[in-house]
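Novice: What follows is a predicted structure for the sequence shown.
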Amino acid sequence: NAGVTQTPKFQVLKTGQSMTLQCAQDMNHNSMYWYRQDPGMGLRLIYYSASEGTTDKGEVPNGYNVSRLNKREFSLRLESAAPSQTSVYFCASSESRGTGYYGYTFGSGTRLTVV
Amino acid sequence: AQSVTQLGSHVSVSEGALVLLRCNYSSSVPPYLFWYVQYPNQGLQLLLKYTTGATLVKGINGFEAEFKKSETSFHLTKPSAHMSDAAEYFCAVSSNNAGNMLTFGGGTRLMVKP
């Protein structure tokens, strides 16, 4: 099925550990995004990639890095995890031309707990 | 800058009752407006969207929303709630000036009582 695939679905980390969240889309979309979702705060943009080869910071980029590996894949890395990074992480993609008309396609999320 | 406010983080209705979820936005340019639904432990799915044209838009599962420019609102309604409508709903705004990037409201959790 076409869509956005995120791995892993669940992860528990110890403070200070590192990990990479993977995201891949098979819709040939140009733009990809990483959001975090916390209770009562909606979704907050961490990083985005408007097109292959470009990445930009969003609202809450501190503590994260990203890589747009190719047009399909956009990974999010936590170099030294902190309890404040406990959250549900969503990857999304969209077609940049007329993106506003179509909105995003979301992955099913990664639930991360940092202890 | 654009922003979205969803009034009421929790809304409870009885099965068969009207559902009304409120969304107000701010945008300096004509907005694109979206409603997404999130069922437990799932990602967000598009319910409906307004871009241009008719201000009353219909979405999936019997939901609809009306864009009211004068009130800067895009409230979501459904005439008769069903138990399966219990979920979290997010309003979002986008615009050409924002690179078509979505800004989300804080979400409203809809509970449906039998």
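Specialist: Now that the structure is in, tell me what you want to look at. Numbering: from 1, shown residues only, chains lettered A, B, ... in the order given.

Novice: lowest-confidence helix or strand of chain B?
Specialist: None of the helices or strands of chain B scores lower by mean pLDDT, DSSP states H and E than strand B:103-104, at a mean of 89.

Novice: Only C-alpha atoms, please: export the helix or strand just after it in CSV.
Specialist: As assigned by DSSP states H and E, the chain's next helix or strand after strand B:103-104 is strand B:108-113. C-alpha atoms of strand B:108-113 as CSV (Å, rounded to 0.1, in the frame of the first residue of the first chain):
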residue,chain,number,x,y,z
THR,B,108,-9.9,18.3,20.4
ARG,B,109,-10.6,14.9,21.8
LEU,B,110,-14.2,13.9,20.9
MET,B,111,-15.9,11.4,23.3
VAL,B,112,-19.2,9.9,22.3
LYS,B,113,-21.5,8.5,25.0
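
Novice: which helices and strands does strand B:108-113 pack with?
Specialist: Under the contact criterion of 3 or more C-beta pairs under 8 Å, 6 or more residues apart in numbering or on different chains; DSSP states H and E, strand B:108-113 touches strand B:10-14, strand B:19-26, strand B:87-94. No exception for glycine: its C-beta is placed from N, CA and C like everyone else's.

Novice: go with 10 Å
Specialist: Applying 3 or more C-beta pairs under 10 Å, 6 or more residues apart in numbering or on different chains; DSSP states H and E, one finds that strand B:108-113 contacts strand B:10-14, strand B:19-26, strand B:73-78, strand B:87-94.

Novice: Residue A:36 reaches residue A:111, doesn't it?
Specialist: No - counting by C-beta atoms under 10 Å, residue A:111 is not a contact partner of residue A:36; they are 11.1 Å apart.

Novice: Overlap in contacts, those two.
Specialist: Jointly contacting residue A:36 and residue A:111 under the rule C-beta atoms under 10 Å, 6 or more residues apart in numbering or on different chains are A:86, A:87, A:88, A:89.

Novice: which regions of chain B lie under the pLDDT threshold?
Specialist: Within chain B, the ranges that satisfy pLDDT under 70 run B:96-100.

Novice: For it, which residues are neighbours of chain A?
Specialist: Within reach of chain A by C-beta under 10 Å from any C-beta of the partner chain, chain B has these residues: B:4, B:6, B:9, B:30-36, B:38, B:41-46, B:48-49, B:51-52, B:88, B:90-96, B:98-107, B:109.

Novice: Mean pLDDT per helix and strand in chain A: which one sits at the bottom?
Specialist: Least-confident helix or strand in chain A using mean pLDDT, DSSP H and E: helix A:99-102, a mean of 56.
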